[in-house]
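S.K.: Next come a sequence and a model predicted from it.
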Amino acid sequence: MSNLFIFIIVLIFIIIIQLIISSWFVEIATLKGYNAKEHFIFQKCFWLGLPGWLYTLGLPDIRENPEYDNKDTIKKSKIKLQPWTCSQCGQSNPGDSAVCSKCSTVNYDMWHKLHE
Ligand SMILES: [Zn+2]
């Protein structure tokens with residue numbers, strides 16, 4: 001066997017071990033109440049190794065309060081789902097802006113939602 005062959009075998013072995021360990025940590029993060037995909041747990045554990053593992057282990061348990069993790073996402077998507085019609089000119093405006101794109105009237109309800 002050449003050294004190159006041994007090197008490739010060892011490399012494949014390390015990659016497989018890393019895949020297994022990373023999926024364990026994805027499970028740990030999920031058990032703690034995190035959306036592992038959103039927090040790139042797999043990527044962090046796979047590419048960073050030890051720092052990624054320590055990061056995942058150090059995450060506080062948020063199962064008691066699952067909104068905590070997804071608060072920003074939920075807030076943003078809620079607002080995005082609410083396009084509004086201007087009371088002054090009838091223009092439909094997207095939910096990510098509080099100012100009418102046609103007449104510049106400010107929708108105060110939307111403004112509060114975006115800035116609360
Ligand atoms: Zn308008």
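M.R.: Yep, that arrived.
S.K.: Give me the phi and psi angles of the residue lying closest to N107 once chain neighbours are set aside.
M.R.: Nearest residue to N107, sequence neighbours excluded (Cβ to Cβ, 6 or more residues apart in numbering): A98, at 5.1 Å. Heads up, the C-betas are built off the backbone N, CA and C, glycines and all. Main-chain dihedrals, A98, degrees, to the nearest 10: phi -100, psi 0.
S.K.: so A98 makes contact with S104?
M.R.: No. A98 is beyond contact range of S104, at 10.8 Å (criterion: Cβ atoms under 8 Å).
S.K.: Who has more neighbours out of these two?
M.R.: Set A98 next to S104 and count neighbours by other Cβ atoms under 10 Å: A98 wins out with 19 against 10.
S.K.: need the contact list for the more buried one.
M.R.: Taking Cβ atoms under 8 Å, 6 or more residues apart in numbering, we find A98 in contact with 106-108, 110-111, 113-114.
S.K.: what about burial for those, which qualify?
M.R.: If you count burial by 16 or more other Cβ atoms under 10 Å, the buried members of those come out as 107, 110, 113.
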